[in-house]
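A.B. asks: Sequence first, then the predicted structure:
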Amino acid sequence: MTSNQPIIRIQSVTKIFNRTVTAVDDVSLDIAAGEFFALLGPSGCGKTTLLRMIAGFENPTTGRIVVDGQDMQGVDPNHRPVNMVFQSYAVFPHMTVAKNVAYGLKVTGVANSEIQKMVPEALQLVKLGGFEHRMPHQLSGGQQQRVSLARALVKKPKVLLLDEPLSALDAKLREAMQIELVNLQKSVGITFIIVTHSQSEALSVADRIAVMKDGQVKQVADPLALYEKPNSQFCADFIGKINQLEAEVAGVEGKNLVVDIRGVGKVVIPHEGHAEGRVSLAIRPEKVELNAHEPGDERVKFLSKVANVVYYGSTSQVFLENAAGDQLMAEIRNRESNTATSILIGSEVWVSWKAADTLVLTE
């Protein structure tokens, strides 16, 4: 459970390297105690730099970072109530699992009697009970990452920082570890902040996500809101797959927007908020339906030609092109064994979706 009191306050933080490169640009964020928070964005967007400033490995050029009510200005990394798990595991190859986990406790002067209690508890948390005497080379990649997690958790930090912790794992193990991370976070009840460039990873683990671009936070929302209601073309395009069509605002009818879509004509879209001039209409591929016959008038609809069909087992992606030359994609479920093969490349189909599922993007 999260509380209303933020455990981390990032206030107008900017980080400039070599006086010319702005890695983080005036970022302000509140992160709640007990929250699983994700910093998501492409390479070079500033997410890892922001994490490193929370950890104390970098200092803000301007602004301040407050952790658990204390300003972190001038506080060394080893004196902060946070701990970090690195992408590369960073386990010591010459030490047993138990000694790896105990290392941080030893260097901070924790008594041996306490260490002997704390290490097995930490290993049980990450499902490595009984692995105390194994060496790192005897472990799989996933097990080594668990050692890294145990070593970070054994010191009982207020906040656990995770820098692309699963990127070195293969796809299946990565998915399994995502579930384990969520369960682990719930069991220990502390704040987790994960840096990732993987949209699916952020959506599957986080309570809230901050999407970053060029050192700035573009949107902060829970996964559902971020996926269904992105606030810009960048966030819509970065989070999952999406179709975008150019349109011109032709008028307003109450809480509806009348838009003129190139090659389609005028349609009425529910929309709250101001919009004028040129806008981008966005629709998720799984909300697009394909029909041989014209659907009802309550839907946005037009004829398109099937350009390609890509089979993925449980789903297929159908690539389409309308009369204006705009390309779209529909994701269909292969409920029948011949679903994908029944859609013929070069054939004409009706493309449609509910008007309410249309996103109007003005940025």
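C.D. replies: Nice, thanks for sending it over.
A.B. asks: What are the boundaries of the helices in the stretch 1-150 of the chain?
C.D. replies: Assigned by DSSP state H, counting those that start in this stretch, the stretch 1-150 of the chain shows helices spanning 47-55, 97-107, 112-125, 141-153.
A.B. asks: Now do the shortest one, average pLDDT.
C.D. replies: In this case it means helix 47-55. Mean pLDDT, helix 47-55: 96.
A.B. asks: Show me what it is packed against.
C.D. replies: strand 6-17, strand 21-32, strand 36-40, strand 62-67, strand 82-85, strand 159-163, strand 191-196 (3 or more C-beta pairs under 8 Å, 6 or more residues apart in numbering; DSSP states H and E). Backbone N, C-alpha and C define where each C-beta goes, glycine included.
A.B. asks: Next: the second one.
C.D. replies: Contacts defined by 3+ C-beta pairs under 8 Å, 6+ apart place helix 97-107 against helix 112-125, helix 141-153.
A.B. asks: Ok, the last one next?
C.D. replies: Secondary structure elements in contact with helix 141-153, counted by 3+ C-beta pairs under 8 Å, 6+ apart, are strand 82-85, helix 97-107, helix 112-125, helix 171-188.
A.B. asks: out of these, which comes closest to residue 222?
C.D. replies: Proximity to residue 222 (C-beta to C-beta) singles out helix 171-188 among the helices and strands packed on helix 141-153, at 14.2 Å.
A.B. asks: And that closest one, what's buried?
C.D. replies: Buried positions in helix 171-188, judged by neighbour count with 16 or more other C-beta atoms under 10 Å: 174, 177-178, 180-182, 184-185, 188.
A.B. asks: Other residues contacting that helix?
C.D. replies: Applying C-beta atoms under 8 Å, 6 or more residues apart in numbering, the contact partners of helix 171-188 are 36, 125-127, 140-142, 145, 149, 153, 160, 162, 165-167, 169, 192, 194, 201, 204-205.
A.B. asks: Low-confidence ranges, the stretch 1-150 of the chain, go.
C.D. replies: The stretch 1-150 of the chain contains residues with pLDDT under 70 at 1-4.
A.B. asks: Neighbours of residue 235, how many?
C.D. replies: Residues near residue 235, counting by other C-beta atoms under 10 Å, number 22.
A.B. asks: can I assume it is in contact with residue 226?
C.D. replies: Yes - assessed by C-beta atoms under 8 Å, residue 235 is found in contact with residue 226 at 6.9 Å.
A.B. asks: show me the contacts for the residue lying closest to residue 43 once chain neighbours are set aside.
C.D. replies: Leaving aside its chain neighbours, residue 43 sits nearest to residue 197 (6.3 Å; criterion: C-beta to C-beta, 6 or more residues apart in numbering). Counting by C-beta under 8 Å, 6+ apart, residue 197 touches 40-43, 164.
A.B. asks: so residue 288 touches residue 322, yeah?
C.D. replies: No - counting by C-beta under 8 Å, residue 288 stays clear of residue 322, with 11.9 Å between them.
A.B. asks: Common neighbours of those two, please.
C.D. replies: Here residue 288 and residue 322 share the contacting residues 328, 351, scored by C-beta under 8 Å, 6+ apart.
A.B. asks: What separation is there between residue 129 and residue 351?
C.D. replies: Relative to residue 351, residue 129 is positioned 54 Å away (C-beta to C-beta, to the nearest Å).
A.B. asks: Which one's more surrounded, the two?
C.D. replies: residue 351 (26 against 12).
A.B. asks: can you pull up the bridge partners for the residue lying closest to residue 73 once chain neighbours are set aside?
C.D. replies: Nearest residue to residue 73 in three dimensions, chain neighbours excluded: residue 64, at 6.1 Å (C-beta to C-beta, 6+ apart). Here residue 64 shows beta-bridge partners residue 11, assigned using DSSP bridges.
A.B. asks: so who does residue 64 touch?
C.D. replies: For residue 64, the contacting residues are 11-13, 71-73, by C-beta under 8 Å, 6+ apart.
A.B. asks: what's the burial count for the closest residue to residue 206 other than its chain neighbours?
C.D. replies: Excluding the flanking residues, the one nearest residue 206 by C-beta to C-beta, 6+ apart is residue 38, at 3.7 Å. For residue 38, the count of nearby residues is 27 (other C-beta under 10 Å).
A.B. asks: which residues pair with residue 38 across the strands?
C.D. replies: When bridges are called by DSSP bridges, residue 38 pairs up with residue 194, residue 209.
A.B. asks: what about it, distance to residue 161?
C.D. replies: In this structure, residue 38 and residue 161 are 12 Å apart, going by C-beta to C-beta.
A.B. asks: which residues are in contact with both of these two?
C.D. replies: Joint contacts of residue 38 and residue 161 (C-beta under 8 Å, 6+ apart) are 193, 195.
A.B. asks: most centrally placed residue in this structure?
C.D. replies: Geometric centre of the chain, nearest residue: residue 202, 2.6 Å, by C-alpha atoms, centre = their mean.
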